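Visitor: quick one: sequence plus predicted model below, questions after.
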Amino acid sequence: MSKLVAKCGIDCGACPWGPYPRKGMSAQDFEAYKRDAKRVLGHVPIKTPCVTCQIPDDKIPKTSKLPNKRCLIRQCVDKAGVENCGYCSRFPCDTVTETAGAWNRESIEVKLGASLSEEAYHSFVEPFEGLARLEAIRDSLKPDKIVDPAKVCVPKIRLADFPKNLPFSKDEVSSFKAVYNLLANIERSSFGLKDTDTFAQQHKLKKQRAHVLRFLWLLGAYGEFENGDTSRLVVDAETYLFNRGSEKSLAIWSFVDGVIFKLLSGFGVCCERLVLDGLLKEELTTGTGYLRKKGWVMSMSFDAKIGGKNALEALQVYIKKLAKEYGKRAFQRFCVADMHVLSAA
Ligand code: SF4
Ligand code: SF4
């Protein structure tokens, strides 16, 4: 095991993005190495190597893209004042599990649909088996070396009151109330994350909530009821990608499928990416997993228990009114379920 372990347990000494494996390689060899990394991992090591994440922020050259100063794990570990997550009493939290547990022999072989050669495994996969490395570190520690992570204040729930005396029929008001309840449930939920009093987990929760709300907003603002079918809203690929705001993750299919769809289904929201005729699923994403601008549409429907199609229509009416009234600030009001804009109908 290399001694140069990242805060998330990845082996900086063998990481293809780091400075060491490429040392002494000719330009031609490095090109071949990049191609192999892309084939195995789906990502290409960047030209300027990472200076490794144990380097303090003020020593990271301005031109370095890596390490990521905003990495939640790096910040959380620094706040705890330890070397890596193995020393933390909450280890393994969801944040480090997701990062350091994503790439391992099994997950990569499943993705490739083939066995890895020993050489490919040791060069490109083993360095990323951070969880196993952290577990080994943890097992070697005496109990007095384990520390509690830095805590953060859990923010107060921010929700507007549901407006009284809306100028709509009783049924329409109850559909708006269903939308309000959905947004309120999302705001109150911890999305199944534990340890949300820690820096990393609190930020993860905030990010996931922002992504989920942006997805709902996107479908409500730009989705259409096709051919009179009001049971689902549908948005085309280009419109979806163009309007995803600053949420880069909403363009990554594995994140949308594995995180957003899963989280929303827990609230009774059913989402699906529909493949257009004549295309294969594999053709809908780039080699690095980003959704392409054509070949699919995104659809969303509501379960009967959260108001079904009437609530879906109410969501669209509400979002369109917010957008018309508040423009760029409308999404902020949506996030706190501020429905007072409906009072002016
Ligand atoms: S990308 Fe991460 S694991 Fe790789 S060298 Fe940088 S800090 Fe280390
Ligand atoms: S709470 Fe922070 S320090 Fe602890 S395991 Fe998670 S990311 Fe690492």
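Guide: Nice, thanks for sending it over. Ligands and ions are numbered 1, 2, ... in the order given.

Visitor: not counting sequence-adjacent ones, nearest residue to residue 122?
Guide: Nearest residue to residue 122, sequence neighbours excluded (Cβ to Cβ, 6 or more residues apart in numbering): residue 14, at 7.9 Å. C-betas here are computed from N, CA, C, even on glycine.

Visitor: right, and the one you found touches residue 126 too?
Guide: Yes: Residue 14 lies in contact with residue 126 (Cβ atoms under 8 Å); the separation is 7.1 Å.

Visitor: any part of stretch 42-50 near ligand 1?
Guide: Yes: contact between stretch 42-50 and ligand 1, assessed by Cβ under 6 Å from any ligand atom, occurs at residue 50.

Visitor: quick revisit: quick one, what contacts the residue nearest to residue 122?
Guide: 2, 20-21, 122-123, 126-127 (Cβ atoms under 8 Å, 6 or more residues apart in numbering).

Visitor: what are the phi and psi values for the residue in the stretch 51-200 of the chain positioned nearest to ligand 1?
Guide: Of all residues in the stretch 51-200 of the chain, residue 53 sits closest to ligand 1, with a separation of 3.4 Å (Cβ to the nearest ligand atom). When quoted as degrees, to the nearest 10, the phi and psi of residue 53 stand at phi -90, psi 0.

Visitor: the residue nearest to it when sequence neighbours are not counted: how many residues sit nearby?
Guide: Spatially, and ignoring its direct neighbours in sequence, residue 53 is nearest to residue 67 (3.9 Å; Cβ to Cβ, 6+ apart). For residue 67, the neighbour count with other Cβ atoms under 10 Å is 21.

Visitor: against residue 149, how distant is residue 67?
Guide: Distance of residue 67 to residue 149, computed by Cβ to Cβ, to the nearest Å: 19 Å.

Visitor: also residue 33?
Guide: 36 Å.

Visitor: those two: which is more packed in?
Guide: Neighbour totals were compared for residue 33 and residue 149, and residue 149 leads with 24 against 18 (other Cβ under 10 Å).

Visitor: give the contact list for the more buried one.
Guide: Contacts of residue 149 (Cβ under 8 Å, 6+ apart): 76, 79-80, 88-90, 195, 198-200.

Visitor: ChimeraX command for the buried members of the residues you listed?
Guide: To isolate the buried ones among these in ChimeraX, judged by 16 or more other Cβ atoms under 10 Å, type:
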select :76,80,88,90,195,198,199,200
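
Visitor: do stretch 103-115 and ligand 1 meet at all?
Guide: No: figure legend: stretch 103-115 not in contact with ligand 1 (Cβ under 6 Å from any ligand atom); closest approach 11.1 Å.

Visitor: quick check: buried residues in that stretch?
Guide: 103-104, 108.

Visitor: distance of residue 279 relative to ligand 2?
Guide: 39 Å (Cβ to the nearest ligand atom, to the nearest Å).

Visitor: can you show me the strands along the chain?
Guide: Secondary structure of the chain (DSSP state E): strands at 233-236, 269-275, 296-302.

Visitor: quick one, domains of this protein?
Guide: 27-145, 170-344 (automatic domain parsing).

Visitor: contact residues of the stretch 1-150 of the chain facing ligand 2?
Guide: So the stretch 1-150 of the chain meets ligand 2 at 73, 76-77, 80, 85, 88, 90-93, 95-96, 149 (Cβ under 6 Å from any ligand atom).

Visitor: mind redoing it with 8 Å?
Guide: 7-8, 72-73, 76-77, 79-80, 82, 84-85, 87-96, 149 (Cβ under 8 Å from any ligand atom).
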